[in-house]
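>>> fold the following, please.
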Amino acid sequence: MKKLGLIVALMAVVMMASTVFAAEKAQWTMMVFINADNNLDRFGVLDVQEMEKAGLSKDFNIVVQLDRLNKETRRYDVTGRAADAKADDWGISAKMVQKMGEADMGDYKEMVNFVKWSAENYPAEKYLLVIWNHGAGWKKRANETVKGISYDDQSHNHMTTPQLGLAMQSIAGVLGKQLDILSMDACLMQMVEVLYEVRENV
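Presented below is the predicted three-dimensional model:
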């Protein structure tokens with residue numbers, strides 16, 4: 001009888017813990033991968049400042065990885081900031097949660113790592129990923145075909161359109177499901193060739 005009572009008590013604790021965890025899980029986590037390590041540097045900061053105008057909600061997380069030209073890479077929790085937060089040395093009031101040094105934002109594996117970090121630290125029912133930078137989609141220039149997104153001037157690297165497909169495959173593995181929404185704040189990415197690469201994992 002005592003064993004049964006102990007089992008019931010343990011089950012109650014587990015259920016309570018599960019309820020608390022479920023309550024802390026947001027409905028959405030929006031992950032914004034901002035590669036401003038190029039001539040878009042100041043616009044990266046401006047876009048984070050625009051995100052700061054969003055209302056605060058326990059149902060919605062906004063997290064950012066921002067790399068600037070000739071500066072370090074930082075991760076910010078936009079919706080986790082204090083209501084009276086002061087701007088940092090970049091003019092950003094969002095809660096800075098990590099300084100990373102220089103990151104190659106043209107490497108699709110860096111973006112996958114950002115999604116993994118976001119999912120581990122900001123769990124949600126659904127996930128939205130924004131890739132922010134220049135985009136070339138499927139564009140011809142002279143005698144070469146320039147395809148891709150997220151051009152990093154410091155590393156001289158970028159994600160090719162096929163690598164974008166590999167990234168989404170890896171992200172689906174990290175999340176254990178398809179990415180709910182993929183958005184690209186970049187030119188020339190609304191193309192059938194891009195859609196084809198990500199079709200199975202978004």
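
>>> what about the nearest residue to Q169 once chain neighbours are set aside, distance to V112?
Closest residue in space to Q169, ignoring its immediate chain neighbours: N201 at 5.2 Å, by C-beta to C-beta, 6 or more residues apart in numbering. (C-beta placed from N, C-alpha, C; glycine too.) Counting by C-beta to C-beta, to the nearest Å, the gap from N201 to V112 is 12 Å.

>>> which residues do the two both contact?
Taking C-beta atoms under 8 Å, 6 or more residues apart in numbering as the contact rule, the neighbours common to N201 and V112 are I171.

>>> break down this protein into its strands, ranges please.
With DSSP state E as the definition, the chain shows strands at residue ranges 26-36, 60-68, 73-77, 95-101, 124-132, 139-141, 144-146, 149-152, 157-159, 181-185.

>>> so for the first one, what's the average pLDDT?
What it means is strand 26-36. Strand 26-36 carries an average pLDDT of 97.

>>> that strand - contacts with which helices or strands?
Contact here means 3 or more C-beta pairs under 8 Å, 6 or more residues apart in numbering; DSSP states H and E; on that basis strand 26-36 packs against helix 41-51, strand 60-68, helix 108-121, strand 124-132, strand 149-152.

>>> if we use 6 Å, what do you get?
With contacts defined as 3 or more C-beta pairs under 6 Å, 6 or more residues apart in numbering; DSSP states H and E, strand 26-36 has these neighbours: strand 60-68, helix 108-121, strand 124-132.

>>> ok, now the third one?
Using 3+ C-beta pairs under 6 Å, 6+ apart, the elements in contact with strand 73-77 are strand 60-68, strand 95-101.

>>> and the longest one, which residues are buried?
With burial defined by 16 or more other C-beta atoms under 10 Å, the residues of strand 60-68 counted as buried are 60-68.

>>> now do the shortest one
By neighbour count, with 16+ other C-beta under 10 Å as the criterion, the buried positions of strand 95-101 are 95-96.
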